[in-house]
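Engineer: structure, please.
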Amino acid sequence: MKDKKVTYHFVSQSHWDREWVLSFEEYRVLLVDMWDALFELLESNSGFKHFMTDGQMQMIIDYLEIKPQNFNRIKKLVEDKKLSIGPWYIQIDQFLPSGESHIRNLLLGFEMARRFGEPMKVGYIPDQFGHIAQMPQILNGFDIDTAVIYRGFGGEPGQESSEYIWKSPDESKVLMFHLPKDGYSFGYFAMDDDEMIVQRFERLRKEIDTRAQTSHRLILNGGDHHWPDFKLPYAIKILEEKYPEFDFIHSTLEDYADKVKSEVKLEKLPELLGETRFGLKHAFAVIGGTASSRIYVKQKNYSAQIKLEKILEPLNAFAFVFGCKDRSEIIKQAWLYCLQNQDHDTINGTCVDRVYHEAMTRYLKIEEIFNALTFQIANDLMPYDSKFYKDDVNLFIFNFLPFALDKVIECEVEFHLQDIIVGLNPDVKSPEKGTLVSGFKIFDQDGNEIKYQILDRSERYSLVWGYYEYPHQTLVESFKILLDVKNFPSFGFKKFNIVRVDEFPEYGSGISYGESGDGEFFMENKFLRVEASKDGSLRVFDKEKKIEFDKLNIFEESGDAGDEYNYCFPEKDEIYYSTDIKPEKIEFVETGPLRFALQIKYKMLVPQSTDIHKRSDEKVEMEIVSTVYLEENSKRVDFKTKVNNTARDHRLRVIFDTGIDTNISYADSQFCVVKRTHRKYNWDEYPYEKPLNLEVFQRFVCLQDKSRGFAVFAKGLPEYELSLDKPGRIAITLLRGVGQLSKSNLKTRPGGDAGWKNETPDAQCLGLHEFDYSIYLFKPGDLKDVNLQAELYHNPTFYFKRKQDVESLKLASLFEIESDVAVLSAFKVSEDKKAVILRFYNPLEKFAEARVKLNFKFKEVALAKLNESKISTLTPDVNGTFTVNLSPFKILTLRIEI
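Structural biologist: Predicted coordinates for the structure are as follows:
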């Protein structure tokens with residue numbers, strides 16, 4: 001390298017947040033004008049050679065919705081290698097979206113890019129708030145072997161280089177380029193005079209020269225929402241005159257990467273293993289509070305992903321296997337809405353309020369697509385007849401897990417009370433209202449009576465739709481019930497018959513419950529005993545494993561003087577705990593037979609607001625209603641906690657004081673479980689942002705010592721803290737209310753503002769909120785049981801009803817996967833519509849096998865990449881089963897030709 005002339009590669013780009021301090025439409029007005037300036041430079045200025053669209057296609061797709069006539073203009077620039085596009089659809093956050101979201105992001109990005117030419121084969125991810133451990137494996141699945149990152153890394157010993165080999169837990173690797181402290185936005189000269197051009201370059205050169213492992217240096221020429229730098233050709237000319245010993249070129253990321261690869265010895269580069277969630281000495285990491293800002297957005301994202309990944313795509317693939325209509329295009333539209341909301345600023349809760357008015361509308365659209373599309377697909381599978389609009393008589397319940405199981409299902413059934421006449425015709429009278437239901441029973445298709453529990457009974461209006469007629473409007477009696485489903489087939493369905501009878505049946509329960517004389521309550525099944533103390537905290541004893549924990553489900557309220565980016569405690573905080581007050585009421589609200597529920601109500605007086613110095617003297621009443629559920633045969637304790645938030649600038653968490661003396665947590669992440677070591681830091685060493693012990697998780701987080709383990713599952717509540725002062729205390733953030741996008745002079749972020757100042761009153765999260773989470777006690781040493789319980793907790797059940805008796809499909813189970821670790825990640829129709837894609841992964845550091853049994857007809861089964869291209873054909877064994885190795889942390893995709 002010493003003998004080679006140093007070359008500085010200037011790569012022009014504009015980092016385009018789809019929405020942030022402006023709304024999407026406000027930014028798009030600017031985007032349209034930016035493209036006009038870019039066309040002029042690329043088409044008329046021979047000195048301006050190239051531009052990169054921020055590694056994402058949304059800059060092109062959103063523009064062409066306004067000016068579709070310029071499609072061929074963009075296509076020609078791509079073909080002439082003047083424009084780099086893709087590989088992503090949008091620059092989403094990494095830790096909050098699911099693993100499948102990242103794959104859909106690339107699938108869509110590649111599809112969009114190939115309308116114009118070849119996408120850029122560089123994993124350009126410059127502004128995410130840290131990077132997940134499995135990103136190299138995801139990139140490799142799309143034939144990408146290079147990545148560019150910025151936040152979440154650097155500044156620590158061993159992180160001095162700008163080039164690394166970045167490895168996933170499964171040993172997948174990419175050549176990674178780490179950006180300098182000023183990131184993607186310092187090498188921009190549009191507003192500089194000659195002297196400033198040289199000064200800017202000199203400042204940057206001092207850093208990048210000391211870090212580079214080759215004679216090639218990368219300088220990104222752009223910034224947030226910047227117009228292309230018309231002065232770059234002139235700046236390069238000035239630098240060439242000033243520094244004749246160097247080469248300066250207007251380059252591309254791919255050309256730069258190729259030059260580095262041709263010169264560097266990869267085996268000599270330092271390695272980066274797994275996730276990046278620190279880098280606080282290098283630049284603003286701004287991850288301290290983003291996992292809990294606007295928690296309602298995270299919850300909506302969780303719900304949307306579940307609907308798309310766990311129900312809609314599998315149901316569509318189920319129908320596709322049976323030769324029904326494929327509706328992947330509408331599902332893709334729902335995914336577009338979901339990915340737009342996963343833009344790194346949007347999902348992190350770090351935008352102005354009006355952005356979330358539109359984001360919540362997108363989530364509503366996903367919900368509407370889900371409701372309408374599941375109706376249509378279900379009708380393909382088991383057609384209904386609109387002439388029948390009285391009582392529900394058939395219930396079809398689907399299990400989208402790849403193994404057989406017993407499960408308690410929540411569903412609704414309805415019984416006809418009255419026809420409603422719609423229309424302006426005074427001569428037509430509505431018939432009399434029928435009598436209320438006196439009882440009903442439910443039987444499976446073999447005639448076995450199924451135990452159920454009524455949760456709610458009400459009258460409401462119902463519609464039965466027809467394709468060639470107006471809908472039938474009826475008044476019905478609706479029952480929300482729990483249904484005890486036994487021998488649920490693997491990735492399949494069961495049919496049930498609903499029959500009216502003269503009286504409601506009574507069923508026995510395997511749960512005992514009661515109240516002791518000193519105000520304590522208990523409920524107990526054959527696995528667990530749950531006790532509620534007078535202060536509302538819980539004790540849970542696992543009778544099989546002989547494991548016990550108490551001081552559980554305690555609520556902690558404290559001040560938050562921070563902003564949407566960072567949590568920050570005030571100089572003088574006041575912390576309130578639910579155990580400091582007597583609950584207003586503790587009572588059983590469900591008493592079986594399938595599930596018992598104990599409800600604990602608190603009214604906590606907490607400060608109305610908080611500033612940087614202290615909490616207010618004025619108090620407000622905040623009501624918390626926490627319902628604790630225990631099912632007859634469950635090994636978990638489930639919770640639904642409702643909060644009426646009346647305070648501002650504060651944080652509410654649920655605390656589990658496990659007493660496990662450890663500084664290690666195991667957190668479920670995208671396609672893997674990561675082991676994290678928590679420690680204290682010397683804050684004096686971090687001038688930009690102070691390290692806080694706040695981490696993120698997907699399905700669960702757990703702790704263990706030599707004798708016992710404790711796991712928490714949560715739905716859309718991604719932030720946790722393992723206390724370093726109180727051993728074994730794990731806190732899950734329920735909500736964090738703040739009033740500004742960015743503040744100055746925060747103790748936890750003394751380096752400056754993370755964004756432009758904007759008032760964000762909606763980020764205070766006032767009003768009613770509902771949170772779902774669960775706990776599981778396990779024997780330490782092997783997380784496979786935690787993994788299984790996570791799947792049982794997070795995988796929903798889909799059902800639909802028929803008002804006429806429908807003959808069931810003969811094939812009740814589509815496939816099964818035999819493995820003690822495999823997690824089903826996707827079952828979808830392939831992008832080319834010729835196959836179905838079956839994807840599963842091993843989240844643990846454990847060698848395993850998976851045996852896949854397909855119960856439907858197929859032409860070929862092949863291993864495939866994440867981009868769904870075929871790797872190699874698989875051969876079944878004598879039993880027709882496909883056995884594959886599932887090495888630690890491996891994502892495995894099967895392409896099944898139909």
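
Engineer: work out for me the element the nearest residue to S458 once chain neighbours are set aside sits within.
Structural biologist: The shortest distance from S458 to any non-neighbouring residue, by C-beta to C-beta, 6 or more residues apart in numbering, is to S478 (5.5 Å). The way it works is simple: take the backbone N, C-alpha and C, and place the C-beta from them, glycine included. Per DSSP states H and E, S478 falls inside strand 469-488.

Engineer: mind listing what's buried along that strand?
Structural biologist: Going by neighbour count (16 or more other C-beta atoms under 10 Å), the buried part of strand 469-488 is 472, 474-479, 481-485, 488.

Engineer: including pLDDT and distance to P383, could those residues go into TSV?
Structural biologist: Listed next are the buried residues of strand 469-488 as TSV, based on pLDDT from 0 to 100; distance: C-beta to C-beta, whole Å:
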residue	pLDDT	distance to P383
H472	90	17
T474	94	20
L475	96	25
V476	97	22
E477	98	26
S478	98	24
F479	98	25
I481	98	25
L482	98	28
L483	98	23
D484	97	28
V485	96	24
F488	93	24
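
Engineer: name the nearest of the residues you listed relative to F771.
Structural biologist: Among the buried residues of strand 469-488, L482 lies closest to F771 (C-beta to C-beta), at 20.8 Å.

Engineer: report the mean per-residue pLDDT for the helix or strand where I442 lies.
Structural biologist: Per DSSP H and E, I442 falls inside strand 440-444. In this model, strand 440-444 has a mean pLDDT of 97.

Engineer: just the residues contacting stretch 476-485, thanks.
Structural biologist: Residues outside stretch 476-485 that contact it (C-beta atoms under 8 Å, 6 or more residues apart in numbering): 395, 397, 406-417, 436-437, 440, 442, 450-462, 494, 496, 594-595, 632.

Engineer: got a quick ChimeraX command for the buried subset of these?
Structural biologist: Command for ChimeraX, covering only those of the contacts of stretch 476-485 found buried under the criterion 16+ other C-beta under 10 Å:
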select :395,397,407,408,409,411,412,413,414,415,416,417,437,440,442,450,451,452,453,455,462,494,496,594,595,632
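
Engineer: return the subset of the contacts of stretch 476-485 lying in strands.
Structural biologist: 395, 397, 406-417, 440, 442, 452-462, 494, 496, 595 (DSSP state E).

Engineer: quick one on the thing from earlier: tell me the spacing between the residue nearest to S458 and G289.
Structural biologist: Distance of S478 to G289, computed by C-beta to C-beta, to the nearest Å: 42 Å.

Engineer: where does the protein dip in pLDDT?
Structural biologist: Scanning the chain for pLDDT under 70 picks out 1-2.

Engineer: would you map out the domains in it?
Structural biologist: Under the assignment automatic domain parsing, the domains of the chain span 7-273, 394-509+796-802, 516-794.

Engineer: how about the contacts made by A319?
Structural biologist: If you count contacts by C-beta under 8 Å, 6+ apart, A319 has them with K325, D326, I377, D380, L381.

Engineer: list the buried residues of the host helix or strand of the fourth one.
Structural biologist: Think D380. Take DSSP H and E as the rule and D380 turns out to sit in helix 353-381. Neighbour-count burial for helix 353-381, with 16+ other C-beta under 10 Å as criterion, is recorded at 354-356, 358-359, 362-363, 365-367, 369-370, 373-374, 377-381.

Engineer: quick check, nearest of the buried residues of strand 469-488 to W88?
Structural biologist: Set against W88, the nearest of those by C-beta to C-beta is F488 (37.9 Å).

Engineer: my guess is that closest one meets P402, correct?
Structural biologist: No - counting by C-beta atoms under 8 Å, F488 stays clear of P402, with 11.8 Å between them.

Engineer: coming back round to it: farthest pair in the contacts of A319?
Structural biologist: Spanning the widest gap among those are D326 and L381, at 13.1 Å by C-beta to C-beta.

Engineer: export the strand holding S478 as CSV, just CAs?
Structural biologist: Provided in CSV are the C-alpha atoms of strand 469-488 (Å, rounded to 0.1, in the frame of the first residue of the first chain):
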residue,chain,number,x,y,z
GLU,A,469,-76.6,-9.4,-4.4
TYR,A,470,-76.9,-6.9,-1.6
PRO,A,471,-75.6,-8.1,1.7
HIS,A,472,-78.0,-9.6,4.3
GLN,A,473,-78.2,-7.5,7.5
THR,A,474,-79.0,-9.4,10.6
LEU,A,475,-79.2,-8.9,14.4
VAL,A,476,-77.2,-11.7,16.0
GLU,A,477,-76.3,-12.9,19.5
SER,A,478,-72.5,-13.1,19.5
PHE,A,479,-70.4,-15.2,21.8
LYS,A,480,-66.7,-14.7,22.3
ILE,A,481,-65.4,-18.1,23.5
LEU,A,482,-62.3,-20.0,24.3
LEU,A,483,-62.2,-23.4,22.6
ASP,A,484,-60.1,-26.4,23.8
VAL,A,485,-58.6,-27.8,20.6
LYS,A,486,-56.9,-31.2,20.9
ASN,A,487,-54.6,-32.8,18.3
PHE,A,488,-54.4,-29.8,16.2
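
Engineer: strands paired with it, and their directions?
Structural biologist: Paired strands of strand 469-488, with direction, are strand 405-420 (antiparallel), strand 452-466 (antiparallel) (DSSP bridges).

Engineer: okay, the angle between that strand and strand 440-444?
Structural biologist: Strand 469-488 runs at 60 degrees relative to strand 440-444, counting by axes from the mean of the first three to the mean of the last three C-alpha atoms, to 10 degrees.

Engineer: mind checking how far strand 469-488 is from the chain centre?
Structural biologist: 30 Å (C-alpha atoms, centre = their mean, to the nearest Å).

Engineer: which residues touch stretch 369-382?
Structural biologist: 307-308, 311-312, 315-316, 318-319, 322, 324-325, 327, 330-331, 333-334, 394, 396, 465, 798, 800, 802, 806, 808-809.

Engineer: ok, 6 Å please
Structural biologist: Residues outside stretch 369-382 that contact it (C-beta atoms under 6 Å, 6 or more residues apart in numbering) are K307, L312, L315, N316, A319, C324, K325, R327, I330, A334, F800, V806.

Engineer: no further queries at this time; thank you.
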